[in-house]
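>>> Following is a predicted model, sequence given first.
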Amino acid sequence: MPEAVRLARIAENCLGALGESGKATRLVLSLFFKAILGIPRIFHFETLDDVGFAILTGGKKVLSRNMLGGLVRAAPVRGVLRFVHETEPKIRKAARHWISIDEHAIARFTRKFGIRKGFHTIRNKHMKIEKLFCSFDVGTRRLLSIVVTRGHHRLAPLSEKLLARFRKRVRGAEVRVILDAGAAENHEALVNLASKPNQVTVVRTPRRPAYREAWKRIPKDAWADLEEAGPYVGASPKKISVAETRMTISAGRRRATVRTIVVRERARRGKDRWHALWVFGDDTTMPYDLVREFRERQHHEQTYRIMLHDAYVDTAPSGYNKESTNPRRPGFRQNALTLYAWIAALATNALDAFTTALPAHLLPRRLKLAHAHPRTLRRWLLTTPAEIYQTTQTLIVLLAPRHLRPLWEHLAARANTRPARIPWMDDRRLIISLAGPRPHVAPRGEGALDPTLRPGGVRC
Amino acid sequence: MRANGTDSKPRPAQRTSDEREARREEVLEVWAVENSLRLDRLDVGQQWVVFAAIELVSFLSAVPALARVVGYFLSHCGLDLGTQVVAAVVGVSDRAIRQAKALTPKEMLHSVRHPIGGHRKAKLKAEHAGVVAKYLVEHPRARVNDMLDFIQAEIGPQLDRLTLRRYLKRYGLGCLRGMEIDGPSPLFSAERSTEELSS
């Protein structure tokens, strides 16, 4: 709730142009709790009549789908960009920062509008898309910022834009940038990106037949054989060989020599798998350490997966103008797509921060909730039956938890020590209360707003 | 510093009975005004004991735990000094005196040896507000005693009326008038919208 209160305050400052006071708050809170509770689409708001959800989103009734969709599209672009800027997570103070930058494609199935195409890696096809580019702090596993574009934009130039923002915030600390192979499509852009002072850039090398033939010619004595843990407990170890070489790439008229780490993964059957990394700005770190550093990028991919399947970022409103008089060139506006995707990112960050703050000793032995997926959190914690009581000073939420009673007691005591004040409810204090213990019921399927999961309902 | 078994400080001169009487009247008058108490409700014997206690507490002021012990003695001295009077002597709340009075001598000694830092933990916590609110909604005509019985049965602690009053007031759940839980019901209901509650 404190995060929601903070967002509401910033939204009123940045998106005040939406009209009478409260609209910006309702817009941002609706999108935030939509992502937290896993409501897939804006048009699903048509059937939501939950009073608790209405209170969370700043009103007596849930916004209608038309109102919410209209507000998202009406948000001013500058206000949205300011909102993104002001809600970016704080960067911890450190001498070195690991940052991953990657793109995510949102498919657009339109025949009417001639929007730009790009390569959708998951669908493995060239199609009409819009793209999100996010920077990600590998150390804290938080999404740091976002840029949305048409489908034809490339990773390297957009990384430059995101890195420029990031460099200002780290105040001269060393930045180690991890990029996927998408950044290596244009060598000139990549070399320009990597040639910044106090920056190390590690990029996955595109897997091309010519490159692989060259790697096969590396002399045998240059390879170091290593063993890694197998895919499961008790499995035989995975054998890999790591070698270091230098490759020449052409960057426009120049030719640059790049340190390259080649990894050959010995296949149990069939062909060996080859991976390689281009490393700019670091000639001293051991090759295998760089490989392990690069693998941390997987948390970024995992966060995209959570944003896609749990926060439903792919249902974001389109960036192209559906009211355009020229469907062949409908134009592109960043506002709705940026706001929707960034709030989904903030919700993902908030849920991840929540899971890491949960005390592990209050959980059953086999249950680990640190970095748990949102749907796991919803199943165990968020879909808890509750009754709401409102007084002139307080909003009392009486929860009847079916699982994890000790954890709930801890959370309630922590929340009530310094109760959050809810500005859109006349500064009422939020008091979390627990009903008497009930017999254990096995967890049921997901459904944050499934009425069958709320036998107590909301008292109103 | 001691020399030949006597203090180096000069001992105060022994006061006569009249002087002590004058001193008692003077001290008690100031004390009664400061604490909004009526002296005529205390008989002479009680006044003397209160006077002695005030003098002792002022001497012990640097060690609050000992002042609490004085309060404990006064509560059990058999002179029927009310908790308000004892609280005024010791300089704590009536509630603190009531709680100390309820302790056994062993418990009192333990509390002096191992004082609790900060406030005593509340018997009824914020987490219980929902249960109390639900009871009030489901039993709109409940009296204070019903409420206290419910709390003891469902939550556990045994409360007095004053504690319940304070708790209900803190969370805006109602106010006590006599033995009724009274006033406009502050609980949210279908008939009363948020705006009505806010105004």
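Nice, I can see it.

>>> Determine the number of other residues adjacent to the residue of the stretch 151-300 of chain A found nearest chain B.
Minimum separation of the stretch 151-300 of chain A from chain B (CB to the nearest CB) falls at A:His299, amounting to 35.6 Å. (Glycine included, C-beta is placed from N, CA and C.) Neighbour count for A:His299, taken as other CB atoms under 10 Å in any protein chain shown: 18.

>>> Show the backbone phi and psi for the nearest residue to it once chain neighbours are set aside.
Nearest non-adjacent residue to A:His299, counting by CB to CB, 6 or more residues apart in numbering or on different chains: A:Arg141, 5.2 Å away. For A:Arg141, the backbone dihedrals (degrees, to the nearest 10) come out as phi 60, psi 50.

>>> what's the pLDDT at A:Arg141?
Note on A:Arg141: pLDDT of 90.

>>> Residue ranges in the chain under the pLDDT threshold?
This is for chain A. For chain A, residues meeting the criterion pLDDT under 70 lie at A:437-460.

>>> switch to chain B, that's the one I care about
In chain B, residues with pLDDT under 70: B:1-13, B:178-199.

>>> rerun at 50
By pLDDT under 50, the weakly predicted segments of chain B are B:1-7, B:186, B:189-199.

>>> Which phi and psi values does A:Lys117 adopt?
Residue torsions, per degrees, to the nearest 10, at A:Lys117 are phi -100, psi 160.

>>> wait, what's in contact with it?
Counting by CB atoms under 8 Å, 6 or more residues apart in numbering or on different chains, A:Lys117 makes contact with A:His126, A:Met127, A:Lys128, A:Ile129, A:Gly151, A:His152.

>>> Filter these to keep only those in contact with chain B.
On the criterion CB under 8 Å from any CB of the partner chain, none of the entries of the contacts of A:Lys117 sits beside chain B.

>>> so where do the strands sit in the stretch 51-200 of chain A?
With DSSP state E, counting those that start in this stretch, the ranges of strands along the stretch 51-200 of chain A come out as A:96-107, A:117-120, A:125-137, A:142-150, A:174-179, A:199-204.

>>> Not counting the fourth one itself, show me its contacts.
So that's strand A:142-150. By CB under 8 Å, 6+ apart, strand A:142-150 touches A:84, A:88-89, A:91, A:99, A:115-116, A:118, A:130-137, A:158, A:161-162, A:165-166, A:303, A:319, A:332, A:334, A:337-338, A:341-342, A:345-346, A:348-349, A:352-353.

>>> and the residues you listed near chain B, which?
Okay, of the contacts of strand A:142-150, nothing touches chain B (CB under 8 Å from any CB).

>>> Just the ones of the residues you listed in helices?
Judged by DSSP state H, the contacts of strand A:142-150 include A:84, A:158, A:161-162, A:165-166, A:303, A:337-338, A:341-342, A:345-346, A:348-349, A:352-353 as members of helices.

>>> Can you select the buried ones from these in PyMOL?
In PyMOL, a selection of the buried entries from these looks like this (16 or more other CB atoms under 10 Å in any protein chain shown):
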select buried, chain A and resi 84+158+161+162+166+303+337+338+341+342+345+346+348+349+352
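
>>> Pop the domain breakdown of chain B in here.
B:16-113, B:126-198 (automatic domain parsing).

>>> quick one: which of these is nearest chain A?
That would be, of those and by CB to the nearest CB, domain B:126-198, which comes in at 2.7 Å.

>>> Run a quick neighbour tally on residue 170.
Unless you meant another one, I'm taking chain A. The burial count for A:Val170: 18, using other CB under 10 Å.

>>> Oops, wrong one, chain B.
Counted with other CB under 10 Å, B:Arg170 comes out at 16.

>>> Need phi/psi at it.
phi -60, psi -40.

>>> on that earlier part again, contacting residues for the residue nearest to A:His299?
By CB under 8 Å, 6+ apart, the contact set of A:Arg141 is A:His299, A:Thr303, A:Asp352, A:His371.

>>> Chain B contacts on the stretch 251-400 of chain A?
A:Glu387, A:Ile388, A:Tyr389, A:Gln390, A:Thr391, A:Thr392, A:Gln393, A:Thr394, A:Ile396, A:Val397, A:Leu398, A:Leu399.

>>> Provide the partner residues of the second one in its beta bridges.
According to DSSP bridges, the partner residues bridging A:Ile388 are A:Val397.

>>> Distance of it relative to A:Lys34?
19 Å (CB to CB, to the nearest Å).

>>> And the fifth one, by the same measure?
Distance from A:Thr391 to A:Lys34, counting by CB to CB: 28 Å.

>>> try A:Leu163
In terms of CB to CB, A:Leu163 sits 31 Å off from A:Lys34.
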